[in-house]
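>>> coords please:
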Amino acid sequence: MADLFLDDSPQPAGEPAADAPLADRLRPRDLSEVIGQQHLTGPEGAIGRMVAAGRLSSMILWGPPGTGKTSIARLLAAAVGMRYEAVSAVFSGVADLRKAFAAAEDARKMGQRTLLFVDEIHRFNRAQQDGFLPFVESGAVTLVGATTENPSFELNAALLSRAQVLILHRLDAAALESLLLRAEELEGPLPLTADARAALVASADGDGRFLLNQAETLYAARIAEPLDPAGLGAFLQRRVAVYDKDREGHYNLISALHKAVRGSDPQAALYYLARMLVAGEEPLFLARRLVRMAVEDIGMADPAALTQCIAAKDAYQFLGSPEGELALVQACLYLATAPKSNAAYMAQKAAWKVAKDTGSLMPPMNIVNAPTKLMKDVGYGKGYTYDHDAAEGFSGDNYWPDDLPPQPFYQPVERGFEREVKKRLDYWDKLRRERG
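Numbering: from 1, shown residues only. Coordinates of the predicted model:
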């Protein structure tokens, strides 16, 4: 379960006005009221232990929107008797940071420690992030940063080394239901059937703030009869899934799609493909990734997989969206249900390594080109056997440099078409041994 949260305003919690937003009126007043983040705020959690000790270390709160990052920062300051100051990377610049640091230094002289909360800290550039370091190191501020993005990608290593990264969980259905119950204690029953209530919770996609905003809209409308799911859908907008094409969510989903295909689970593969397309991913990006899966994870076990993916790309470009997306679905299902082999992928890696390690070895003389008389006279091409003239169309000649023994790069598996390829290779190896 995830956290019951506060609003994002920069001032410490006081009694909200009667006409304040519902989310503001329901914010917790103490860390003990925070629900669902017990792995952090409970007695054995990192935050719980720090509060019990009465001393905080700098930290980065990483989690999805609407899961309580701002709430925890506010309540932390009160819990340990620290001065609270907040800035937002969206609205603040260098001048605002200087003012905050100066105020913290002045407070420190008066014996007051400062908790500096930085919302959306990942939006500060690298140089601005470096500006925090001397004040964190000197103890002028205890930094609590909030981010929805993976800190390892978005924050300086120097800053991360001075702060503990704490991960907040996405609100699950039980936590969201708890939010609705608290709202109903304040405002009365929601005008929803049981099924519509479940749909409302699902529509929030783990964002408690969004859920309470939706509930507030329902209360404001003064609906006489409870809405069913269809009525609710017509009345409210569904939350758009959290998905940035250049952020962690993008990479998580494409990784999940690739691994589901590799693991031969067409149902899960189709789910992740749908997740990305519904969220607005560029279909041709997905077509490119499907091509990569075809050659990396299927390869010669089913050579038609690559043809299917190229055809799907062509079909999408010909039809456009949404009709062309069905071609991507077909390619995805084909890959997930195809026999798997990474033999070609492993062969490439091994061959590339040997090519780099061995440098400019000369091929054996029998297979080098001999376009001039001089080259023929010195032995270029001498002893070459034209395989079509050999028995069974196979000469068994050596094609490796003199200083490099034959390498077993490609090792086909006993699956799909590659099973037949393996039979051929084994047969040719037998002929080579017989012919010396």
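>>> domain ranges for this structure, per the record?
The record's domain parsing of the chain by automatic domain parsing lists 22-167, 173-235, 248-337, 358-435.
>>> and for the helix or strand of the chain with the lowest mean pLDDT, what's in contact with it?
When the helices and strands of the chain are scored by mean pLDDT, DSSP states H and E, helix 373-377 comes last with a mean of 82. Identification of contacts with helix 373-377 by Cβ atoms under 8 Å, 6 or more residues apart in numbering yields 369-370, 381-382. (C-beta placed from N, C-alpha, C; glycine too.)
>>> return the set of buried residues in the host helix or strand of Phe135.
Here Phe135 sits within helix 133-138, counting by DSSP states H and E. Applying a neighbour-count criterion of 16 or more other Cβ atoms under 10 Å, one finds 135-136 buried in helix 133-138.
>>> make residue 1 into 235 and carry on from there
All set: I'll call the first residue 235, so the last point we hit is now helix 367-372.
>>> what does it contact?
With contact meaning Cβ under 8 Å, 6+ apart, helix 367-372 is reached by 292, 335, 338, 350, 375-377, 392-393, 396-397.
>>> and the residues you listed, which is closest to Arg317?
Closest approach to Arg317 among the contacts of helix 367-372 (Cβ to Cβ): Ala338, at 7.7 Å.
>>> if I look at the residue nearest to Ala397 when sequence neighbours are not counted, how far off is Gly279?
Excluding the flanking residues, the one nearest Ala397 by Cβ to Cβ, 6 or more residues apart in numbering is Ser292, at 4.2 Å. Applying Cβ to Cβ, to the nearest Å, the value for Ser292 to Gly279 is 17 Å.
>>> more crowded one of those two?
Ser292 (19 against 15; other Cβ atoms under 10 Å).
>>> measure the more buried one to Ser326 for me?
Distance from Ser292 to Ser326, counting by Cβ to Cβ: 18 Å.
>>> swap in Arg259?
Separation of Arg259 from Ser326 (Cβ to Cβ) stands at 27 Å.
>>> for Pro605, same thing?
Distance, Pro605 to Ser326, by Cβ to Cβ: 71 Å.
>>> between the two, which one's more packed in?
Neighbours were counted for Pro605 and for Ser326 using other Cβ under 10 Å; Ser326 has more, 20 against 9.
>>> who touches the longest helix seen in the chain?
With secondary structure taken from DSSP state H, the chain has its longest helix at helix 650-669. The contact list for helix 650-669, computed with Cβ under 8 Å, 6+ apart, reads 532-537, 572-575, 577, 626, 628, 630, 644, 646-648.
>>> swap the cut-off to 7 Å and go again
Contact with helix 650-669 is made by 534-537, 573, 575, 577, 628, 630, 646, 648, as judged by Cβ atoms under 7 Å, 6 or more residues apart in numbering.
>>> just stretch 313-333 next, same as before
244, 246, 265, 285, 288-290, 308, 311, 334, 337-338, 341, 346-355, 357-358, 362, 365, 376.
>>> of these, grab the buried ones for PyMOL.
Of these, the buried ones can be selected in PyMOL as follows, counting by 16+ other Cβ under 10 Å:
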select buried, resi 244+246+265+285+290+308+311+334+337+338+341+347+348+349+350+351+352+353+354+355+357+358+362+376
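>>> confirm that Gln641 lies within a strand, as I assumed.
No - counting by DSSP: H, G, I helix; E, B strand; the rest coil, Gln641 is not part of a strand but coil.
>>> so who does the residue positioned nearest the centre of the chain touch?
Note on the chain: the residue nearest the mean C-alpha position is Asn486, at 2.6 Å, using Cα atoms, centre = their mean. Applying Cβ under 7 Å, 6+ apart, we find Asn486 in contact with no residue.
>>> buried residues, the regular element (helix or strand) spanning it. List them.
Counting by DSSP H and E, the element that carries Asn486 is helix 482-496. Neighbour counts over helix 482-496 (16+ other Cβ under 10 Å) mark 483-484, 487-488, 490-492, 494-496 as buried.
>>> need those residues in TSV (columns: distance to Pro255 and pLDDT).
Listed next are the buried residues of helix 482-496 as TSV, based on distance: Cβ to Cβ, whole Å; pLDDT from 0 to 100:
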residue	distance to Pro255	pLDDT
Gly483	27	70
His484	31	78
Leu487	32	91
Ile488	36	92
Ala490	35	94
Leu491	38	96
His492	41	97
Ala494	40	96
Val495	44	97
Arg496	46	97
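>>> what ranges does the chain have for its strands?
293-296, 317-322, 348-353, 376-381, 398-401 (DSSP state E).
>>> how about CSV for those, with mean pLDDT and distance to Ala585 added?
Below are the strands of the chain laid out as CSV (pLDDT from 0 to 100; distance: least, Cβ to Cβ, whole Å):
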stretch, mean pLDDT, distance to Ala585
strand 293-296, 94, 41
strand 317-322, 90, 52
strand 348-353, 93, 49
strand 376-381, 93, 42
strand 398-401, 93, 40
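>>> quick one, which of these gets closest to Ala409.
Of all the strands of the chain, it is strand 398-401 that lies closest to Ala409, at 15.4 Å by Cβ to Cβ.
>>> mind giving me the packing neighbours of that closest one?
In terms of contacts (3 or more Cβ pairs under 7 Å, 6 or more residues apart in numbering; DSSP states H and E), strand 398-401 is packed against helix 280-287, strand 293-296.
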